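Chemist: the sequence and its predicted three-dimensional model are supplied below.
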Amino acid sequence: MHSVIEHEKLYGAHHYEPLPVVLTRGEGVYVWDDQGNRYMDMMSAYSAVSHGHCHPELVNALTEQAKKLAVVSRAYYTDKLGDFLQKVCEAARQEKALAMNTGAEAVETALKAARKWAYTVKKVAENKAEIIACEGNFHGRTIVIVGMSTEPQYRNGFGPFPAGFKLIPYGDADALRKAITPNTAAFLVEPIQGENGIIVPPAGYLKECARICRDNNVLLICDEIQTGMGRTGKFLASDHDDIHPDAVLLGKALGGGLLPVSVFLARREVMDVFTPGDHGSTFGGNPLAAVVGAKALDILFKENLIERAEELGTYFREKLEKLKSPLISAVRGKGLLIGVEINPRYHSAREICLQLLKQGVLSKETHHTVIRFAPPLIITKEQIDEAIKKFSHVLAQAEAHVC
Ligand code: PLP
């Protein structure tokens, strides 16, 4: 085995099962391994590298700010946070933002805000607030969050879990209507379930959910940590349904592929439930993260990455659909968040990913049957053609193997 992999395995926890490649460098849509081989990155770090690897303007903003001031206690103001918060609020059309680091922290922040809003504004009786989430969700890995999961592996061995959560089928607005009680604080939902295999709900689902939530005084919280920042061809995936959620979560690409930067965004009435000391984070909102987050937003708009995701995503999906391989049972997605379902009767998605790796294309299976194509949004048509050619070659080889 490769000595670098052995080294990592010796000292590291075995909580991931990476493909056997050791990456050392990245630029744009490409990464290179320690042997100098080049790969096209179709994972973008689970949609965190939308701007491409080591975007020069982002790296420059990061290094210039790192030379000036990187991290201070939130016991003081800095000259960078306000500008970042304004930009992210304007982009997401929300009134206020609270900066955290990882996606899971933004989710936890949303859950705390929803519960406190239920007690202080909606006047739910103490400790009775309920939050509704969806089966098949992925919102992160903390105890509270995996407590909401329906994936046995995410939960097994980690209980007991906190009370106050209810699960309903994804994509079923009627189930939401039936699950709401006077104690319901919020409905937490992904506009597309990314980690569950790029599951796109029926058209109009979120619009109907928004109406149900409004009618019942329930907060609609959209987890756009994976789908936001233009990934699906709109700034927010919920924009496809032309809705205005009570709260939105962003992360991943907000850090420009350089740092963990996440935010909980909400309307004023919801955010104002937090008072000094209620919530915090040592690193959340530090000047380095604020500068990178603001620059990540600037570049997203300046380089028309949202429009690119829409146009090139459609192009990519059409090309995938035209492959007409018996190994493919479905192509799903919006913008440049695409899942290809592999028929498990013939091959596992991991086998196909291993073959793609040999061809210089990095992807990763989700749930054994789905291959993800979520490249940086800066990808070109020519690069998509190159990826399709290689994928088609891998499929042809795999089909021959089946016969
Ligand atoms: N929410 C969604 C929709 C996600 O896809 C993810 C990560 O994949 C998270 C939350 C958790 O983000 P993080 O891994 O930064 O904690």
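Modeler: Here it is on my side, so go on.
Chemist: the stretch 101-250 of the chain: helices as residue ranges?
Modeler: Residue ranges of the helices in the stretch 101-250 of the chain, as given by DSSP state H, counting those that start in this stretch, are 103-117, 143-147, 152-155, 173-179, 205-215.
Chemist: relative to the ligand, which of those helices is closest?
Modeler: Nearest to the ligand among these is helix 103-117 (2.3 Å), distances taken as Cβ to the nearest ligand atom. (Each C-beta comes from the backbone N, C-alpha and C, glycine too.)
Chemist: by contact count, what packs against the closest one?
Modeler: Under the contact criterion of 3 or more Cβ pairs under 8 Å, 6 or more residues apart in numbering; DSSP states H and E, helix 103-117 touches strand 96-100, strand 130-134, helix 143-147, strand 184-189, strand 219-223, strand 247-250, strand 262-266, helix 268-271.
Chemist: hang on, the earlier thing: any chance of a markdown table for the helices of the stretch 101-250 of the chain, columns distance to the ligand?
Modeler: Below are those laid out as a markdown table (distance: least, Cβ to the nearest ligand atom, whole Å):
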| stretch | distance to the ligand |
| --- | --- |
| helix 103-117 | 2 |
| helix 143-147 | 8 |
| helix 152-155 | 12 |
| helix 173-179 | 18 |
| helix 205-215 | 14 |
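Chemist: save those helices as CSV, and put in mean pLDDT too.
Modeler: What follows is the helices of the stretch 101-250 of the chain, written out as CSV (pLDDT from 0 to 100):
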stretch, mean pLDDT
helix 103-117, 98
helix 143-147, 98
helix 152-155, 95
helix 173-179, 98
helix 205-215, 98
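Chemist: low-confidence regions, the stretch 101-250 of the chain specifically.
Modeler: Residues of the stretch 101-250 of the chain meeting the criterion pLDDT under 70: none.
Chemist: so which bits of it are right by the ligand?
Modeler: Within the stretch 101-250 of the chain, the positions adjacent to the ligand are 102-104, 107, 138-140, 190, 194-195, 223, 225-226 by Cβ under 6 Å from any ligand atom.
Chemist: adding neighbour count, write those residues out as TSV.
Modeler: As requested, those are exported to TSV (neighbours: other Cβ atoms under 10 Å):
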residue	neighbour count
T102	21
G103	26
A104	19
V107	27
F138	24
H139	26
G140	24
E190	26
G194	25
E195	21
D223	31
I225	29
Q226	28
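Chemist: and which of those residues is nearest to the ligand?
Modeler: The closest of these, once distances to the ligand are taken by Cβ to the nearest ligand atom, is G103, at 2.3 Å.
Chemist: select, out of the helices and strands packed on helix 103-117, the one closest to S50.
Modeler: Nearest to S50 among the helices and strands packed on helix 103-117 is strand 247-250 (11.6 Å), distances taken as Cβ to Cβ.
Chemist: dump the helix or strand L297 falls within to PDB, restricted to CA.
Modeler: When elements are assigned from DSSP states H and E, L297 belongs to helix 287-302. Output of helix 287-302 as PDB, limited to C-alpha atoms (Å, rounded to 0.1, in the frame of the first residue of the first chain):
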ATOM      1  CA  PRO A 287     -12.000  38.700  10.100                       C
ATOM      2  CA  LEU A 288     -10.200  36.100   7.900                       C
ATOM      3  CA  ALA A 289     -13.400  34.200   7.400                       C
ATOM      4  CA  ALA A 290     -15.400  37.400   6.800                       C
ATOM      5  CA  VAL A 291     -13.000  38.600   4.100                       C
ATOM      6  CA  VAL A 292     -13.000  35.200   2.400                       C
ATOM      7  CA  GLY A 293     -16.800  34.900   2.600                       C
ATOM      8  CA  ALA A 294     -17.300  38.400   1.200                       C
ATOM      9  CA  LYS A 295     -14.900  37.700  -1.600                       C
ATOM     10  CA  ALA A 296     -16.500  34.300  -2.400                       C
ATOM     11  CA  LEU A 297     -19.800  36.200  -2.800                       C
ATOM     12  CA  ASP A 298     -18.200  38.900  -5.000                       C
ATOM     13  CA  ILE A 299     -16.700  36.400  -7.300                       C
ATOM     14  CA  LEU A 300     -19.800  34.300  -7.600                       C
ATOM     15  CA  PHE A 301     -21.600  37.400  -9.100                       C
ATOM     16  CA  LYS A 302     -18.700  38.900 -10.900                       C
END
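Chemist: reformat the helices and strands packed on helix 103-117 as CSV; add distance to K123.
Modeler: Converted to CSV, the helices and strands packed on helix 103-117 look like this (distance: least, Cβ to Cβ, whole Å):
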stretch, distance to K123
strand 96-100, 22
strand 130-134, 14
helix 143-147, 24
strand 184-189, 11
strand 219-223, 14
strand 247-250, 19
strand 262-266, 19
helix 268-271, 13
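Chemist: quick revisit: which of the helices of the stretch 101-250 of the chain sits most buried?
Modeler: Of all the helices of the stretch 101-250 of the chain, helix 103-117 has the most neighbours on average by mean count of other Cβ atoms under 10 Å, namely a mean of 24.
Chemist: what's in contact with that one?
Modeler: 98, 100, 129, 131, 139-142, 144-145, 164, 185-186, 188, 219, 221, 223, 225-226, 247, 249-252, 262-264, 266, 269-271, 273-274, 278-279, 281, 284 (Cβ atoms under 8 Å, 6 or more residues apart in numbering).
Chemist: ok, now with 6 Å
Modeler: With contacts defined as Cβ atoms under 6 Å, 6 or more residues apart in numbering, helix 103-117 is touched by 98, 100, 129, 131, 139-142, 145, 185-186, 219, 221, 225, 247, 249, 251, 262, 264, 270, 273.
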